[in-house]
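J.: model this:
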Amino acid sequence: MGSTSAGFSLPPSKLITENHAPTISEAAYSRDAICFAEKTIPLVQAMIDDLEKRKAELLDLASAHKVAISPLRTFPSELLAKIFMEFVTMERRQTPSRNYSPFMLMGICSRWRKIVLDTPRLWTRILGAPPAPMINSWITQSKELPFDLGLDLNMSNSHPVLEALIPHAHRWGHINFSLRPNSPYVLACVRTRLHSLKSLALSFGDTTGTVDFCEVAPQLTEIGLGEIYERVIIKLPWEQLRACTLDNSGLALYVLQHAKNLQTLNLDMSRLSETPWLSTPRDPHSCHMGLDTLVTYWSRADPNLNSFFSSITLPSLQTLEVCFDSAEVDSNIRSPPEFAPAVMSGFIQRSAKHLHTLALIEIPVFPLDELIMCFAFTPSLVTLDIHFGSESRSDEVNLDELLHALNVNIPGYALPRLRSLSLEGMSIFSEEALDGVIASRRDINPKNDGVTLLEHLTLECLVPQGQSTSQLPRFHRFVSGGLNITYGEDWGVYNSI
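T.: Below you'll find the predicted structure:
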């Protein structure tokens, strides 16, 4: 028997290398070898453990010296504080805890602990329902800075948090509350104390009655209201609002009539609302003189789509985005109303004098002549983004008519100020038509006074089935002249139809 280490060896034996019955002396020798090995194994294991311990000590030593010379030690405290602020405000950190909060940062090292304790802004964001001792730390360490609060008041563990925060209502800067039925009564005590409140988001759920705790808030300019129905009366300082996010078109019309200084309206109707808001009679038509941005999301089955756009005129509008839910409509739930392109084009024509950006995303069937007619009313349009929906694709929209309308070299061309063009969901078009648009807007004729150079082009072409693919289009040559061309993920390799 051999050995791999001096001091742990026995003379070799033929018994383990040959195949014969052992003699009495060979059997005795094997028993001695077994006993020797079993006694030696713990000694070897002890040596291994000692070496592993030594290895761990050396790794710790190396790690400690790596930390000692880490560039992080040279970071100014102000820069680390900014990094910490990004950490504690990350969107995925929904609930403060000892793992996702200033408490975690404080446990890294003494320097980090000092920075966290010396940076009040790290303690101003309270989401969820942290335990009482933790909420007291937030209140104390944030000094007198405004709070960013997010609480679901339907959760029982949020009640102690709210009770601890109510005495500091004058520091509420941004709040996002999911209300419960008795929330208006609980919050009534803060009605005249919201001196720092700048933005407000409320989800009403089963709340009923009058909500007026934020009617007196001199700095409030931005609101978001969700799940609010006609059984709720909400009082807000409408005249001072500048931005609003809603999920009910009836409420949107109400806001347009009362918030005269509103500049931005986001309306998300992607989830169907069965209950209208407000039974109070409204004016048949609303004209808002100050709104410059309207962003809307619609379900294709929403019955309020046509009535909403036929009820409003926005003469100061600069940005219009109309997005449709791309999901198929479940015919078992509701028969979808027909989208009326004439209603949309009528709204654009009434509101397009100062329109700067127009985006129609996943738009259902929209006759191109109706769309082109709108261009005559949008002389200031700089950005055009058209994404035809699945219905349009199935009808194989031919974009040549649209492209000819944008060709500066063709009499009666539209959109002289166009700088950015995005076309997605194209089914049929000719390379010559698109090339003509680009060429005419890159090689500006001096006679075309006032025409702006096209700077950005985005294309996402769905190649029809059965068509072969070939090289990139010839208009790619304009890249060297400064045109920025982006091909969407569905473009693939180009196919000339």
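J.: any idea how far Trp172 is from the spatially closest residue to Leu122 that is not a sequence neighbour?
T.: The shortest distance from Leu122 to any non-neighbouring residue, by C-beta to C-beta, 6 or more residues apart in numbering, is to Pro102 (4.9 Å). (Each C-beta comes from the backbone N, C-alpha and C, glycine too.) Taking C-beta to C-beta, to the nearest Å as the measure, Pro102 falls 20 Å from Trp172.
J.: Also Ser270?
T.: 29 Å.
J.: For the two, indicate the residue with more neighbours.
T.: Neighbours of Ser270 and Trp172, each counted by other C-beta atoms under 10 Å, are more numerous for Trp172; the result is 23 against 16.
J.: mind listing what Thr319 touches?
T.: If you count contacts by C-beta atoms under 8 Å, 6 or more residues apart in numbering, Thr319 has them with Asp292, Thr293, Leu294, Val295, Leu355, His356, Thr357.
J.: what's the closest of those residues to Ser158?
T.: Ranked by distance to Ser158 (C-beta to C-beta), those are led by Val295 at 30.8 Å.
J.: average pLDDT for whichever strand or helix holds that closest one?
T.: Counting by DSSP states H and E, the element that carries Val295 is strand 293-298. Mean pLDDT, computed over strand 293-298, is 93.
J.: And stretch 407-427, by the same measure?
T.: Here the average pLDDT along stretch 407-427 is 83.
J.: Look at Leu399 and report its pLDDT.
T.: Reported pLDDT for Leu399: 79.
J.: Ile48 too?
T.: 94.
J.: nearest to Thr23, of the contacts of Thr319?
T.: Checking the contacts of Thr319 one by one against Thr23 (C-beta to C-beta), the nearest turns out to be Val295, at 95.8 Å.
J.: wait, what's in contact with the closest one?
T.: With C-beta under 8 Å, 6+ apart, Val295 has these contacts: Thr264, Leu265, Asn266, Leu267, Thr319, Glu321, Cys323.
J.: In PyMOL, select just the buried ones from those.
T.: In PyMOL, a selection of the buried entries from those looks like this (16 or more other C-beta atoms under 10 Å):
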select buried, resi 264+265+266+267+319+321+323
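J.: quick one: which of the contacts of Val295 is nearest Thr378?
T.: Once C-beta to C-beta is applied, the member of those that ends up nearest Thr378 is Thr319, at 12.1 Å.
J.: re earlier: settle this for me: the residue nearest to Leu122 is touching Val116, isn't it.
T.: Yes - counting by C-beta atoms under 8 Å, Pro102 touches Val116, with 4.9 Å between them.
J.: Common neighbours of those two, please.
T.: Phe84, Leu122.
J.: Spell out the secondary structure type for Ile83.
T.: helix (DSSP: H, G, I helix; E, B strand; the rest coil).
J.: burial count for it?
T.: Ile83 has 12 nearby residues by other C-beta under 10 Å.
J.: Tell me the pLDDT of it.
T.: 91.
J.: For it, which residues are in contact?
T.: So Ile83 contacts nothing (C-beta under 8 Å, 6+ apart).
J.: Would you mind measuring from the residue nearest to Glu455 when sequence neighbours are not counted to Ile48?
T.: Once flanking residues are discounted, Glu455 sits nearest to Arg419: 4.8 Å by C-beta to C-beta, 6+ apart. Using C-beta to C-beta, we find Arg419 at a distance of 71 Å from Ile48.
J.: For these two, indicate the residue with more neighbours.
T.: Arg419 (15 against 10).
J.: Can you give me the end-to-end span of stretch 293-309?
T.: 14 Å (C-alpha to C-alpha, to the nearest Å).
J.: Distance from that stretch to the middle of the chain?
T.: With C-alpha atoms, centre = their mean, to the nearest Å as the basis, stretch 293-309 stands 21 Å off its chain's centre.
J.: Please apply the same query to stretch 36-49.
T.: The answer for stretch 36-49 is 60 Å, by C-alpha atoms, centre = their mean.
J.: for stretch 377-389, same thing?
T.: 23 Å.
J.: Mean confidence (pLDDT) on that stretch, please.
T.: 88.
J.: and Gly436, what element?
T.: Gly436 belongs to helix 431-442, assigned by DSSP H and E.
J.: Quick one: mean pLDDT for that helix?
T.: 82.
J.: and the helix or strand following that helix, what other elements does it pack with?
T.: The C-terminal neighbour of helix 431-442 among helices and strands, as given by DSSP H and E, is strand 456-461. On a contact count with 3 or more C-beta pairs under 8 Å, 6 or more residues apart in numbering; DSSP states H and E, strand 456-461 meets strand 420-426, strand 484-487.
J.: so can I have CSV of these showing mean neighbour count and distance to Gly107?
T.: Below are those laid out as CSV (neighbours: other C-beta atoms under 10 Å; distance: least, C-beta to C-beta, whole Å):
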stretch, mean neighbour count, distance to Gly107
strand 420-426, 20, 48
strand 484-487, 14, 45
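J.: Among those, which comes closest to Tyr254?
T.: strand 420-426 (33.5 Å).
J.: if we can go back for a sec, could you dump the helices and strands packed on strand 456-461 into CSV and include distance to Leu72?
T.: Formatted as CSV, the helices and strands packed on strand 456-461 follow (distance: least, C-beta to C-beta, whole Å):
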stretch, distance to Leu72
strand 420-426, 41
strand 484-487, 37
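J.: and of those strands, who's closest to Arg441?
T.: Checked against C-beta to C-beta, the stretch from the helices and strands packed on strand 456-461 lying closest is strand 420-426, at 8.6 Å.
J.: Where do the strands of the stretch 201-350 of the chain begin and end?
T.: 209-211, 222-226, 232-234, 243-246, 264-269, 286-287, 293-298, 312-313, 319-324 (DSSP state E, counting those that start in this stretch).
J.: List the buried residues in the first one.
T.: Judged by neighbour count using 16+ other C-beta under 10 Å, the buried positions of strand 209-211 are Val211.
J.: For that strand, which outside residues touch it?
T.: So strand 209-211 is contacted by Leu179, Ser183, Pro184, Leu202, Phe204, Arg231, Val232, Ile233, Ile234, Lys235 (C-beta under 8 Å, 6+ apart).
J.: redo that, cut-off 10 Å
T.: Contact with strand 209-211 is made by 179, 181-185, 187-188, 202, 204, 225, 228, 231-236, as judged by C-beta atoms under 10 Å, 6 or more residues apart in numbering.
J.: Same question for the second one.
T.: Contacts with strand 222-226, where a contact means C-beta under 10 Å, 6+ apart, come from 174, 176, 178, 197-205, 211, 214, 217, 232, 234, 236-238, 241-248, 251-252, 255, 259, 262, 264, 266, 268, 271, 277.
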